[in-house]
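Chemist: sequence plus the predicted model coming up.
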Amino acid sequence: MSSSKVLFGFHAVGVRLKTHPQTVREVYVEAARKDARMRQFLERARDSGVRLIESDALRLAKLAGSHGHQGVAALVDPLPQNHSLDDLLDTVQGPPLLLVLDGVTDPHNLGACLRVADGAGAHAVIAPKDHAVGLNATVSKVASGAAETVPYFMVTNLARTLGELKERNIWIIGTSDDAPQTLYQADFTGPVALVLGAEGPGMRQLTRKTCDVLVSIPMRGAVESLNVSVASGVCLYEALRQRGG
């Protein structure tokens, strides 16, 4: 039991039931919730053969560590990561598209970035082991299932990993408010690793120096920057557009 983890929310639990039902040990549902969405979820859960346990909102909140559980939580086995970043890149068909997050420590931001990466078809998300958040229940909830589908690699030395990507002829494009060109002037059609830093400090200096080129997102209003997940969406979908979207 010690190796298990908790997922909560309709999307996070539903995607795990759909993709890896054998890893779901048991599902807790709020007995008082009987709306259409819950009925549909229960039907899917019963079809998967998983053990269902009726519970109350307080117990679910304690299990999930959040009141945003939507009446659903699951105890699951961690998904095995059967490949390294190198193994993944060896199997990619066409030019790789990677999202690199430097210093993103908010689980809500990481979850949103994973969701955007999944939507735009990014092959993986990369982050340093230090100065970054790992995959937890909040990340999975916000990612709405994308934490189950987008490979997330936490590397010991981000600058070294970026250097290894360069050896694979992957172009490292960093984002910075003071960049001399906008992302709309950059070429995303080839192999690309898009690097974004946390709000405020942005990328660390060593990460910035490792980038092949820096681009900015045009800002026409009063605010000076975008949330990192929003910025990730803008950049990844520009890459998708250029690739024939």
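Modeler: Looks like it arrived, so ask away. Numbers count the residues shown, from 1 in each chain.
Chemist: please, where are all the strands along this protein?
Modeler: 5-8, 24-30, 51-55, 72-76, 97-102, 124-128, 152-155, 171-175, 181-182, 192-197, 213-216 (DSSP state E).
Chemist: now render those strands as TSV, adding distance to Ala137, mean pLDDT and mean neighbour count.
Modeler: Bear in mind the C-beta positions are built from the backbone N, C-alpha and C, glycine included. Below are these laid out as TSV (distance: least, Cβ to Cβ, whole Å; pLDDT from 0 to 100; neighbours: other Cβ atoms under 10 Å):
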stretch	distance to Ala137	mean pLDDT	mean neighbour count
strand 5-8	5	88	22
strand 24-30	13	94	19
strand 51-55	16	94	14
strand 72-76	8	93	25
strand 97-102	19	98	26
strand 124-128	18	96	22
strand 152-155	15	95	18
strand 171-175	29	97	22
strand 181-182	37	96	12
strand 192-197	24	97	26
strand 213-216	34	96	18
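Chemist: can you lay out those strands as TSV showing distance to Phe41?
Modeler: Listed next are the strands of the chain as TSV, based on distance: least, Cβ to Cβ, whole Å:
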stretch	distance to Phe41
strand 5-8	12
strand 24-30	8
strand 51-55	10
strand 72-76	6
strand 97-102	30
strand 124-128	27
strand 152-155	25
strand 171-175	38
strand 181-182	43
strand 192-197	34
strand 213-216	42
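Chemist: so which of those is nearest Gly245?
Modeler: Nearest to Gly245, of all the strands of the chain, is strand 97-102, at 11.8 Å by Cβ to Cβ.
Chemist: that closest one to strand 192-197, inter-axis angle?
Modeler: Angle, strand 97-102 to strand 192-197, by axes from the mean of the first three to the mean of the last three Cα atoms, to 10 degrees: 20 degrees.
Chemist: strand 97-102: partners in the sheet, and parallel or antiparallel?
Modeler: Strand 97-102 pairs in its sheet with strand 124-128 (parallel), strand 192-197 (parallel), by DSSP bridges.
Chemist: how about CSV for those strands, with distance to Leu17 added?
Modeler: Putting the strands paired with strand 97-102 into CSV (distance: least, Cβ to Cβ, whole Å) gives the following:
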stretch, distance to Leu17
strand 124-128, 23
strand 192-197, 31
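Chemist: looking at the strands of the chain, which is closest to Gly244?
Modeler: Going by Cβ to Cβ, the one of those nearest Gly244 is strand 97-102, 12.4 Å.
Chemist: burial count for the nearest residue to Val155 once chain neighbours are set aside?
Modeler: Nearest residue to Val155 in three dimensions, chain neighbours excluded: Thr161, at 4.5 Å (Cβ to Cβ, 6 or more residues apart in numbering). Per other Cβ atoms under 10 Å, the neighbour tally for Thr161 reads 19.
Chemist: thinking again about what came up before, looking at the strands of the chain, spot the one closest to Thr91.
Modeler: Thr91 lies closest to strand 124-128 among these, at 11.1 Å (Cβ to Cβ).
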